[in-house]
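Trainee: next one to model:
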Amino acid sequence: MFSLWPVRPFQTELTPEVGLVGKRAIARRSTGPRAKVQSEIRKVTALPRDTPLWVMLELKTGKVPALIDTAAQFSCIRSDVAEFIYLREEPCSFSSCSVSCLLADGQRCEVTNAVKLHVKLLSFSWDNEFKVLRGGSFPAILELDFMDRTTLLVDVVSQKFSFSFSPNFSGTLSLEN
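Mentor: So this is what the prediction gives:
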């Protein structure tokens, strides 16, 4: 089903028992990659309430916190979050890419994988491509092109966001959406 799934980059991050009992069996247990990713996502949701520019992207199987970053080169998702989404059997398609970027901390990064996900904000949804990053502080980052394509409007002062095609229908810029 997922013939383009990039197995090589994620093999070193999985526990040895994945090869013995299978990815889906590990995902259903409370230990292993799924539990680790869930605890990492929970750590992010414990950020101070006044942290600006956060939205909760809805997927078919759950929500992922995403930082809106107008200086980002592309939308991206952490590799452990992408793996978690794959293990939860979220509809997604992986592809190869070759992108070099400079991270916010000044490190150079080579990106070799991308994933296309169907994401939802409020009651509106889009297919969006995310570059898969190893590590990082944020589960997902939305860049300026995403804002432009979706006509996402951000009001930092009131901590709200809306869309230009539906300005009266708005959400809150926090992790508690």
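Trainee: switch to C-alpha atoms for all contacts and neighbour counts from now on
Mentor: Fine.
Trainee: so where's the longest strand in this structure?
Mentor: When the chain is parsed with DSSP state E, its longest strand is strand 108-121.
Trainee: packing partners of the helix or strand following that strand?
Mentor: As assigned by DSSP states H and E, the chain's next helix or strand after strand 108-121 is strand 124-133. Strand 124-133 is packed against strand 76-78, helix 79-87, strand 108-121, with contacts defined by 3 or more CA pairs under 8 Å, 6 or more residues apart in numbering; DSSP states H and E.
Trainee: partner strands of the shortest one, with direction?
Mentor: Looking back up the chat, that one is strand 76-78. strand 124-133 (parallel), strand 140-142 (antiparallel) (DSSP bridges).
Trainee: dump those strands into JSON lines; add mean neighbour count and distance to Asp155 as well.
Mentor: Listed next are the strands paired with strand 76-78 as JSON lines, based on neighbours: other CA atoms under 10 Å; distance: least, CA to CA, whole Å:
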{"stretch": "strand 124-133", "mean neighbour count": "18", "distance to Asp155": "18"}
{"stretch": "strand 140-142", "mean neighbour count": "25", "distance to Asp155": "16"}
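Trainee: can I get those strands in JSON lines with distance to Ala72 and mean pLDDT?
Mentor: What follows is the strands paired with strand 76-78, written out as JSON lines (distance: least, CA to CA, whole Å; pLDDT from 0 to 100):
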{"stretch": "strand 124-133", "distance to Ala72": "11", "mean pLDDT": "94"}
{"stretch": "strand 140-142", "distance to Ala72": "8", "mean pLDDT": "93"}
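Trainee: out of the ones you listed, which comes closest to Lys116?
Mentor: For Lys116, the closest of the strands paired with strand 76-78 is strand 124-133, at 4.2 Å, according to CA to CA.
Trainee: need the residues that contact that closest one.
Mentor: 74-79, 82, 111-120, 146, 150 (CA atoms under 8 Å, 6 or more residues apart in numbering).
Trainee: ChimeraX command for the buried members of the residues you listed?
Mentor: Buried residues within the contacts of strand 124-133, by 16 or more other CA atoms under 10 Å, are selected in ChimeraX with:
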select :74,75,76,77,78,79,82,111,112,113,114,115,117,118,119,120,146,150
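Trainee: nearest to Asn168, of the strands paired with strand 76-78?
Mentor: strand 124-133 (13.6 Å).
Trainee: quick check: angle from the closest one to strand 108-121?
Mentor: Computed by axes from the mean of the first three to the mean of the last three CA atoms, to 10 degrees, the angle separating strand 124-133 from strand 108-121 equals 160 degrees.
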